[in-house]
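Student: how would this look folded up:
(one chain, ligands or ions: 1)
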Amino acid sequence: MKKWYNKLFLNNIRKAVDKYNLIENEDNILVGLSGGKDSIFLIYALDLLRKNSYLDFNITGIHIDIGINANMEKVKNYLNYINIPYIYENINIKGNIFKERNPCYICSKIKRGIIARVSKEKGFNKIAYGHHMTDVVNTFLLNIIYTGQFHTFKPNSYNKEHNLYLIRPLIYVKEEIIKKVVIDENLPLGINNYCPYAEKNKRKEIAILIKNIKKNYPDFEEKTLKAIEKSNLW
Ligand SMILES: Nc1ncnc2c1ncn2[C@@H]1O[C@H](COP(=O)(O)OP(=O)(O)OP(=O)(O)O)[C@@H](O)[C@H]1O
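Tutor: Residues are numbered from 1 along each chain as shown. This is a model prediction of the structure:
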């Protein structure tokens, strides 16, 4: 591992892990892999973390194929190369989902449900998602603007129904750092063949808003995250 990675992102992951008690020894963690940059970075970073800390835990990747990301071959081979097990589940819902009023919401709900089912069946106690600092801020603003609510996802949330913890180790890592490391380390991406909503959804709209705010206020994400932590949201 490059030494400066500690400062660039690994210490921020350690901070989240310690502060929100995300990972303990002997945890069996299922990592959701979409084929995108954030989740491949997450599994890469968790592997680095366990090799460079006192923590001893298991990680396995899972991809839910909804009929959109057809090509996960490179991701699968990479996981094999770094000795991380890979689970693939195919549920072709593409045809039906686009008829829904809110397809992104339904799609992510279905995927989360399947990941929870697989976790239970295979004995995982935690599920890790690749949400990062920019996602925390995006969800926070999205809720204010669209629903008038003070809300964003939590770094560590317990799902009572399935007796599972949902963890987000990247909450202190900014998207721009992830983009850089994915390129520098040549981490593999699944080819996203066709999602008509990938470029045209509310999240994308808020992402543009954040980008514009950052032109004048470069530490907008850090400040917003700080405000969230000072409130009673987490
Ligand atoms: N098809 C999938 N199979 C398994 N896990 C998924 C899938 N899609 C999303 N996830 C998990 O849910 C997280 C959030 O999903 P979202 O669609 O918002 O991804 P994203 O912000 O585009 O991140 P990424 O760059 O990893 O795609 C991902 O980081 C990943 O951990």
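
Student: which parts of the protein sit against the ligand?
Tutor: Proximity of the chain to the ligand is confined to 32-34, 36-39, 62-64, 111, 129-131, 135 under the rule Cβ under 6 Å from any ligand atom. For the C-beta atoms, the positions are set from N, CA and C on the backbone; glycine is no exception.

Student: may I see the PyMOL selection of the buried members of those?
Tutor: Command for PyMOL that selects the buried part of the residues of the chain next to the ligand, burial taken from 16 or more other Cβ atoms under 10 Å:
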select buried, resi 32+33+34+36+37+38+39+62+63+64+111+129+130+131+135
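
Student: which stretches of this structure have low pLDDT?
Tutor: Counting by pLDDT under 70, the ranges of the chain that qualify are 69-70, 94, 192-194, 199-200.

Student: would you list the phi and psi of residue 28?
Tutor: Per-residue torsions, residue 28: phi -120, psi 100 (degrees, to the nearest 10).

Student: which residues touch it?
Tutor: Each residue near residue 28 by Cβ atoms under 8 Å, 6 or more residues apart in numbering is listed here: 57, 58, 60, 123, 124, 125, 126.

Student: now those residues in TSV, with neighbour count and secondary structure?
Tutor: Formatted as TSV, the contacts of residue 28 follow (neighbours: other Cβ atoms under 10 Å; DSSP: H, G, I helix; E, B strand; the rest coil):
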residue	neighbour count	secondary structure
57	17	coil
58	15	strand
60	19	strand
123	8	coil
124	24	coil
125	17	coil
126	21	strand
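
Student: so where does the residue most central in space within the chain fall, helix or strand?
Tutor: Nearest residue to the geometric centre of the chain (Cα atoms, centre = their mean): residue 130, 1.3 Å. In this assignment (DSSP states H and E), residue 130 forms part of neither any helix nor any strand.
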